[in-house]
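1. Make a model of this:
(2 chains)
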Amino acid sequence: MGRLTMKEVDDLKKANILDDKAVKELEKKNLVGTRSRGIKYYFENGKGKVYPQLYFKGLGKKTKPSKDMTVLRQEFNKLLDKYATKEQ
Amino acid sequence: MKDFNAKFEESSDGYQSANPGKYPSHVSAFDVRTFETGSKVFNIEFTLAEECKNMEVEKYQRSGNEYIPFAKDGKVEIISAGFMTGKKYFSAGVWLTPNLAKEERWKNRKYKEFFSNIGIEFPTDKDGIVELQEVEEEDVIGMPALVDVQSYTYTNKDGEEKTSLRVLSVFPWNDGNRIEPPKDTDVPF
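-> Here you go, the predicted model:
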């Protein structure tokens, strides 16, 4: 059936279509992805583009990220937005 | 020609093709076909809700059978999704098959997920196994849901390949309210 991305959920919250309670319900039903996808950020280092990555070593397909890991990714994405350049 | 106080700019005022994406909606029509095998296919129509007016989305344009983001000066244009309000989209067919062997029950997974996400609660037996029942029009008309509208390619009766936008996934919209179906109006005589 597919899932909503974190960005889509954020956009729906900003548009007052979903509130925190509704988002929690979606998360509980495993209908929200835990990674932001689709947007690439980069830095220029003089020789070309450098793409920053956040990687959880040991997180396999059958394991779920903890709440703190999800928050860390959200904060990481905010930092990307602040410091890096969004690829169009 | 004479002067007239009106302007038109193609890039902003021209034709805007519908945008694929995830939108709030309500179930607005219901159709079910039954086959000789007893299988049923459900086609549900969704009407995109007023709340689309609060959303901003990437502008898309249709190029042949594809919908592609519309870029201006290298940047994807962001527009209000208000123009999507009121647009109607059918789901791709959702199948319900009876009498399946245990190892084939997965065939009804989409049916269970689709209608559960609209808000239908199926009963469970004493072992906690879901007992799927046949959803009827009055169960779903007016129910709120978030729908994923995407391009869908199919072959028509004449063997031609066609593409249109369809609802391919449905998600719960717990903040949405069920809207009352239009009441049958008496015909004056």
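
2. Need the single longest strand in chain B, by residues.
-> The longest strand of chain B (DSSP state E) is strand B:21-34.

3. Report the distance from that one to the chain centre.
-> 5 Å (CA atoms, centre = their mean, to the nearest Å).

4. The helix or strand following that strand pairs with which strands, parallel or anti?
-> As assigned by DSSP states H and E, the chain's next helix or strand after strand B:21-34 is strand B:40-48. Here strand B:40-48 has these sheet partners by DSSP bridges: strand B:21-34 (antiparallel), strand B:88-90 (antiparallel), strand B:94-96 (antiparallel).

5. mind listing what residue 31 touches?
-> All of this is about chain A. A:1, A:3, A:4, B:117, B:171, B:172 (CB atoms under 8 Å, 6 or more residues apart in numbering or on different chains). Where you see a C-beta, it was placed from the backbone N, CA and C, and this is true even at glycine.

6. sorry, should have said chain B
-> B:42, B:43, B:44, B:45.

7. isn't the third one right up against residue B:94?
-> Yes: using CB atoms under 8 Å, residue B:44 is in contact with residue B:94, at 7.2 Å.

8. The two: which is more packed in?
-> Neighbour totals were compared for residue B:44 and residue B:94, and residue B:44 leads with 28 against 21 (other CB atoms under 10 Å in any protein chain shown).

9. Mind jotting down where the strands sit in chain B?
-> B:21-34, B:40-48, B:56-58, B:60-63, B:66-69, B:71-72, B:75-76, B:78-80, B:88-90, B:94-96, B:144-155, B:161-172.

10. In CSV, list those along with mean pLDDT and distance to residue B:2.
-> Shown next, in CSV, are those (pLDDT from 0 to 100; distance: least, CB to CB, whole Å):
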stretch, mean pLDDT, distance to residue B:2
strand B:21-34, 96, 43
strand B:40-48, 97, 40
strand B:56-58, 89, 39
strand B:60-63, 83, 34
strand B:66-69, 82, 40
strand B:71-72, 76, 33
strand B:75-76, 76, 39
strand B:78-80, 89, 33
strand B:88-90, 96, 41
strand B:94-96, 96, 57
strand B:144-155, 92, 44
strand B:161-172, 92, 42
